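Asks: next comes the sequence, and after it the predicted model I'd like to discuss.
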Amino acid sequence: MKPRCPLLALVLLTAAAAIAQDMVRIPEGAFTMGRDDGPEDERPAHTVHLRAFEIDRLPVTNAQLAAFLQQHGAVSPTGRRYYDWDDNDARIHRVDGRWRADPGHEDHPAVEASWHGAVAYCGWLGKRLPTEAEWEKAARGTDRRPYPWGEAAPTAAHARFGAGWNQTAPAGAFAAGASPYGVQGMAGNAWQWVSSAYRPYPYSATDGREDLEADVVRGTRGGGHDAAPAQLRTTERGRTVSRGPNAGHHNIGFRCAR
């Protein structure tokens with residue numbers, strides 16, 4: 001079926017293309033997910049084989065999410081919230097009829113998007129949320145490293161952590177903390193939604209945890225700006241983080257994959 005308004009369709013496609021992220025290709029192959037010497041939800045260490053995929057080099061920013069909200073609004077046609085604009089932690093607001101990132105926060109990770117909002121944003125760009133396994137491989141590589149950058153303990157050069165409430169940093173501020181594939185911002189600054197339901201290991205993409213219609217708690221990875229150093233590990237699953245999928249949260253952002 002042809003679009004009713006070809007010009008409008010072109011405008012929408014152009015807007016989406018304008019905010020398209022640089023993506024990193026993660027090669028096909030196996031990696032070790034989880035660990036045997038950590039919290040119960042990270043055990044056991046197990047081998048997962050993934051097809052090649054791409055993932056955003058950086059987390060989605062407030063300016064990018066604002067462009068989506070301008071096109072689609074903050075609530076879905078079925079009444080689900082995409083974004084908690086009325087939360088004190090929100091850094092995107094409607095000003096003079098347009099959704100805009102707050103001055104000074106345009107390039108910070110977009111927090112307060114619900115899991116459903118993250119799914120919708122990625123879909124708008126022809127992408128999707130990464131699975132939990134994809135996220136961990138992109139952060140960890142194949143050598144079981146505890147942090148995206150390797151073995152060294154986290155420093156302020158690697159990531160934003162241990163900071164005050166809502167004290168995020170620009171999404172691209174931590175090149176020293178890049179993963180072995182060059183993916184940045186996989187530790188600290190903002191936790192990141194993944195598509196997967198939060199279920200015990202071993203991970204299996206065919207056991208129902210990738211059912212996007214299920215109303216269940218979803219996984220978050222990576223640690224936030226207010227996280228402890230141990231929460232920045234590549235195997236950390238956010239077990240103590242509030243992460244109901246129907247609301248946004250002050251320390252959870254996201255990135256897309258395909």
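Replies: Received it, and whenever you're ready, just let me know what you need.

Asks: for the stretch 151-258 of the chain, what spans make up the strands?
Replies: For the stretch 151-258 of the chain, applying DSSP state E, counting those that start in this stretch gives strands covering 191-197, 218-221, 252-253.

Asks: what does the stretch 1-150 of the chain give?
Replies: 23-26, 29-33, 46-50, 53-56, 92-95, 98-101.

Asks: other residues contacting the fourth one?
Replies: By C-beta atoms under 8 Å, 6 or more residues apart in numbering, the residues outside strand 53-56 that reach it are 21-26, 127, 130, 134-135, 138, 183, 255-258. For every residue, glycine as well, the C-beta is placed using N, CA and C.

Asks: related to what we said a few turns ago, closest to Arg100 out of the strands of the stretch 151-258 of the chain?
Replies: strand 252-253 (17.8 Å; C-beta to C-beta).

Asks: can you tell me which of the strands of the stretch 1-150 of the chain is most buried?
Replies: strand 53-56 (a mean of 22; mean count of other C-beta atoms under 10 Å).

Asks: restricting to C-alpha, output that strand in CSV.
Replies: In CSV, the C-alpha atoms belonging to strand 53-56 read as follows (Å, rounded to 0.1, in the frame of the first residue of the first chain):
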residue,chain,number,x,y,z
PHE,A,53,25.0,-8.5,14.6
GLU,A,54,25.5,-4.7,14.9
ILE,A,55,25.1,-2.5,18.0
ASP,A,56,25.1,1.2,18.5
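
Asks: quick one: distance of that strand to the chain centre.
Replies: Put simply, strand 53-56 sits 12 Å off its chain's centre (C-alpha atoms, centre = their mean, to the nearest Å).

Asks: Gln70 and Asp96 touch, don't they?
Replies: No - using C-beta atoms under 8 Å, Gln70 is not in contact with Asp96; the gap is 11.9 Å.

Asks: if we can go back for a sec, with mean pLDDT and distance to Arg239 added, can I get the strands of the stretch 1-150 of the chain in TSV?
Replies: Formatted as TSV, the strands of the stretch 1-150 of the chain follow (pLDDT from 0 to 100; distance: least, C-beta to C-beta, whole Å):
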stretch	mean pLDDT	distance to Arg239
strand 23-26	98	25
strand 29-33	98	16
strand 46-50	98	18
strand 53-56	98	23
strand 92-95	98	28
strand 98-101	98	31
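
Asks: for Ser114, find the nearest of the ones you listed.
Replies: So among the strands of the stretch 1-150 of the chain, strand 92-95 is nearest, using C-beta to C-beta, at 13.2 Å.
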